[in-house]
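Novice: Sharing a sequence plus its predicted fold:
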Amino acid sequence: MPRILSTHTLHPHASAMLTGAGDLVVASALDAATLAAEARDVDVIIVRAPLPAALFEGANKLRAAIRHGAGLDMVPMEAAAAAGVLVANVPGVNARSVAEYVMFAALALLRRFRVLDRDLRAKGWLAGREHTVVASELAGKTIGIVGLGAIGEAVGHIAAHGFDLNVVATTRSMRPAPDRVGFRSIDALIEQSDIIVLCCPLTPETRGLISRERIGRMKPDALLVNISRGPVIDDDALIEALKKGRIGGAALDVFATQPLPPNHPYFSFDNVIVTPHMAGITEQSMMRMGVGAAAETLLVLANKLPVNLRNPEVVEHYRRRFPADV
């Protein structure tokens, strides 16, 4: 019976799909040593936590690492390639959940929900209402989307058709723009947008993309929403801008260090929403991600290539390791 290791418990629908296809086990811990040890005799690993490169050196039976989601930064791609291990993901399935989070976060910042709720509870009705005189609507503002993949497109669609926002975007491909989306350069987008949403993957090009200089170009009341990856933002520059009241606020779901230390400066700002990397996590998205990862796992165990193979260059090496696969 093949063995399947998942770093986390899967949605019941996904677990049911794998019943009979393999022996599904959940990692006992997520540290590098434990993951490497527990992956030594598995055929497939389903990934929701960063994998150590050493895992691929000792997992001689490992056929594939299947990402439970879209981002591949949790998988050391060079180590996987050297070991002849297939890497696949499940793109787009949490796009709606993330897009809804973006609108929730923007609304919460504009309506000053954090301080309103705090003062209502601590100081009373009128203290809460005082914050509403400086609250603002979404409609008519410009939202700038950095990265127009599945998530960026979902954000743009909801923003334009649901809230009557002006939508601009920047993307590597600059392919024909979706309806009601205008393309801009990254710097023009930053200068023109009232709300800037980071939806791009973490790559060498996007690391530090929101730099001190670019933060300085933002409107003084601009909001920054990051559902990408933490290192896309220069944290020191953003903290400085927040301290000086240079921008309107931020909603941050991802961070360079996770979990975020409890004494981190981001927790000290009334105009910053901090969430624990949960923008894409809802009951519905967890089902879609789990089912998608299980479907790719079943293909691999049936000697087929995954639909969303992300390292096709390793197929020849993989086939030498497992000659029966097609």
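Specialist: Yes, it's here. Numbers count the residues shown, from 1 in each chain.
Novice: got the buried residues for the lowest-mean-pLDDT helix or strand in the chain?
Specialist: When each helix and strand of the chain is scored by mean pLDDT, DSSP states H and E, strand 181-183 comes last, with a mean of 91. Going by neighbour count (16 or more other Cβ atoms under 10 Å), the buried part of strand 181-183 is V181. Where C-beta positions appear, they are placed from N, C-alpha and C, glycine not excepted.
Novice: which residues touch it?
Specialist: Strand 181-183 has contacts (Cβ atoms under 8 Å, 6 or more residues apart in numbering) with I145, L148, G156, A160, V167, V168, A169, T170, T171, M174, A177.
Novice: likewise stretch 231-238?
Specialist: 198, 200, 202, 206-212, 215, 224, 226, 250, 252, 255-256.
Novice: ok, I273 to F104 distance?
Specialist: Shown here: I273 relative to F104, a distance of 9 Å by Cβ to Cβ, to the nearest Å.
Novice: Which one's more surrounded, those two?
Specialist: The neighbour count for I273 versus F104, taken as other Cβ atoms under 10 Å, is higher for I273 (20 against 16).
Novice: Restricted to helices, list the contacts of strand 181-183.
Specialist: Residues of these located in helices (DSSP state H): G156, A160.
Novice: Can you give me the neighbour number for V25?
Specialist: Burial of V25 is recorded as 12 neighbouring residues (other Cβ under 10 Å).
Novice: packing partners for the one helix or strand it maps to?
Specialist: In the assignment (DSSP states H and E), V25 maps to strand 23-26. Counting contacts by 3 or more Cβ pairs under 8 Å, 6 or more residues apart in numbering; DSSP states H and E, strand 23-26 packs against strand 3-6.
Novice: Give me the number of neighbouring residues for the closest residue to S136 other than its chain neighbours.
Specialist: Distances taken as Cβ to Cβ, 6 or more residues apart in numbering place L110 nearest to S136, at 4.6 Å, with adjacent residues excluded. By other Cβ under 10 Å, the residues close to L110 number 20.
Novice: ditto for G162
Specialist: When neighbours are counted by other Cβ under 10 Å, G162 registers 12.
Novice: Pull out the buried residues from the contacts of stretch 231-238.
Specialist: Looks like the contacts of stretch 231-238 have L198, C200, L202, T206, L209, I210, I215, L224, N226, A250, L252, F255 buried, using 16+ other Cβ under 10 Å.
Novice: Select from the residues you listed every entry located in strands.
Specialist: In strands, judged by DSSP state E, the following of the buried ones among the contacts of stretch 231-238 are found: L198, L224, N226, A250, L252.
Novice: possible to save those as JSON lines with distance to L72 and pLDDT?
Specialist: Putting those into JSON lines (distance: Cβ to Cβ, whole Å; pLDDT from 0 to 100) gives the following:
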{"residue": "L198", "distance to L72": "17", "pLDDT": "98"}
{"residue": "L224", "distance to L72": "24", "pLDDT": "98"}
{"residue": "N226", "distance to L72": "18", "pLDDT": "98"}
{"residue": "A250", "distance to L72": "25", "pLDDT": "98"}
{"residue": "L252", "distance to L72": "21", "pLDDT": "98"}
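Novice: can you redo those residues as CSV with distance to V232?
Specialist: Formatted as CSV, these follow (distance: Cβ to Cβ, whole Å):
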residue, distance to V232
L198, 5
L224, 10
N226, 7
A250, 12
L252, 11
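Novice: For the protein, give me the ranges with low pLDDT.
Specialist: Within the chain, the segments meeting pLDDT under 70 span 174, 325-326.
Novice: Okay, domains of it per the record?
Specialist: Split into domains by automatic domain parsing, the chain comes to 3-91+283-321, 95-274.
Novice: can you give me the end-to-end distance of the shortest one?
Specialist: Using Cα to Cα, to the nearest Å, the span of domain 3-91+283-321 from its first residue to its last is 17 Å.
Novice: Also the longest one?
Specialist: For domain 95-274, the first-to-last residue distance is 20 Å (Cα to Cα).
Novice: any chance you could map the helices in the stretch 101-250 of the chain?
Specialist: 113-123, 125-129, 150-163, 186-192, 212-217, 235-243 (DSSP state H, counting those that start in this stretch).
Novice: picking that back up, what residues does the residue nearest to S136 make contact with?
Specialist: By Cβ under 8 Å, 6+ apart, the contact list for L110 reads A135, S136, E137, L138, L223.
Novice: mind listing which of the residues you listed are in strands?
Specialist: L223.
Novice: Please state the offset of stretch 53-61 from the chain centre?
Specialist: Centroid separation for stretch 53-61 versus its chain: 26 Å, with Cα atoms, centre = their mean, to the nearest Å.
Novice: For that stretch, could you pull out the residues that count as buried?
Specialist: A53, A54, L55, F56, A59.
Novice: same deal with stretch 224-237?
Specialist: Buried residues in stretch 224-237, counted by 16+ other Cβ under 10 Å: 224-235, 237.
Novice: what's the biggest helix by length in the chain in contact with?
Specialist: Counting by DSSP H, the longest helix found in the chain is helix 283-301. With contacts defined as Cβ under 8 Å, 6+ apart, helix 283-301 is touched by 2, 4, 10-11, 13-15, 17-18, 21-22, 43-44, 46, 63-64, 66-69, 86, 88, 90, 93-94, 96-97, 305-308.
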